[in-house]
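Undergrad: Next one to model:
(2 chains)
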Amino acid sequence: QQPVQSPQAVILREGEDAVINCSSSKALYSVHWYRQKHGEAPVFLMILLKGGEQKGHEKISASFNEKKQQSSLYLTASQLSYSGTYFCGTVSVQGAQKLVFGQGTRLTINP
Amino acid sequence: GAVVSQHPSRVICKSGTSVKIECRSLDFQATTMFWYRQFPKKSLMLMATSNEGSKATYEQGVEKDKFLINHASLTLSTLTVTSAHPEDSSFYICSATLAGVLETQYFGPGTRLLVL
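TA: Numbering: from 1, shown residues only, chains lettered A, B, ... in the order given. Here you go, the predicted model:
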């Protein structure tokens, strides 16, 4: 079952912060975050494998709440280059082991 | 590291012809490769999972005879769209992983297929 991302779209000014959420109805083994720019393939940002794990990558970080079956992606002091569509992908503990992507969150950063 | 290439990047073909798309892992051996399809402004939909030397596992609703997948080596998987029709027009993306679905998937640049 596809994880649900929120919000669907967000528009920011450069330097502002954003949070993108990803929720699943199933117990999760891992959460993967990707960014895709128009016409290009998704680019890997990070993977979270353990409940409660928080990972950082420059000004982009993420947390994984295993109990709540959700993950959040944090973008701080956003840059123009952060624009794109962000996808979370989840692998469930039970059932078919495959990466299922959310519907995406379109992030637009304006100068 | 972890570079995945796809070829061709863009293809236009006539209805009824077959199109082959190659996916290569350039600097690592990929035990598992995945094929996705993405329509404009939509999410990535998994079509099939491909393991080297074995038959691909197709997702529900994906026709095996229409989308032929061959994973001949640890660095190459091919997707052949047979007897393509306009509704097959889409963005096809492959990904590769070192150790199965639980690990990071590295995506190729994608192939845009337009069937006239």
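
Undergrad: Tell me the confidence at the one residue in chain A that gets nearest to chain B?
TA: Nearest to chain B in chain A, going by Cβ to the nearest Cβ, is A:Ala41, at a distance of 4.2 Å. Any C-beta I mention is one placed from the backbone N, CA and C, and that applies to glycine too. According to the prediction, A:Ala41 has pLDDT 87.

Undergrad: and it, how far is that from A:Phe101?
TA: According to Cβ to Cβ, to the nearest Å, A:Ala41 and A:Phe101 sit 13 Å apart.

Undergrad: Residue 66: neighbouring residues, count only.
TA: Assuming you mean chain A. Under the neighbour criterion other Cβ atoms under 10 Å in any protein chain shown, A:Glu66 is assigned a count of 17.

Undergrad: Switch to chain B, please.
TA: In terms of burial, B:Lys66 registers 14 neighbours under the definition other Cβ under 10 Å.

Undergrad: Then the one 5 residues further on?
TA: Residue neighbour count, defined by other Cβ under 10 Å, stands at 23 for B:His71.

Undergrad: That one reaches B:Thr57, doesn't it?
TA: No: between B:His71 and B:Thr57 there is no contact, the gap being 11.0 Å when judged by Cβ atoms under 8 Å.

Undergrad: Between the two, which contacts overlap?
TA: Counting by Cβ atoms under 8 Å, 6 or more residues apart in numbering or on different chains, the residues touching both B:His71 and B:Thr57 are B:Ser50.

Undergrad: Up against chain B, what does chain A have?
TA: Residues of chain A lying close to chain B (Cβ under 8 Å from any Cβ of the partner chain) are A:2, A:29-30, A:32, A:34, A:39-44, A:47, A:87, A:89, A:91, A:97-104.
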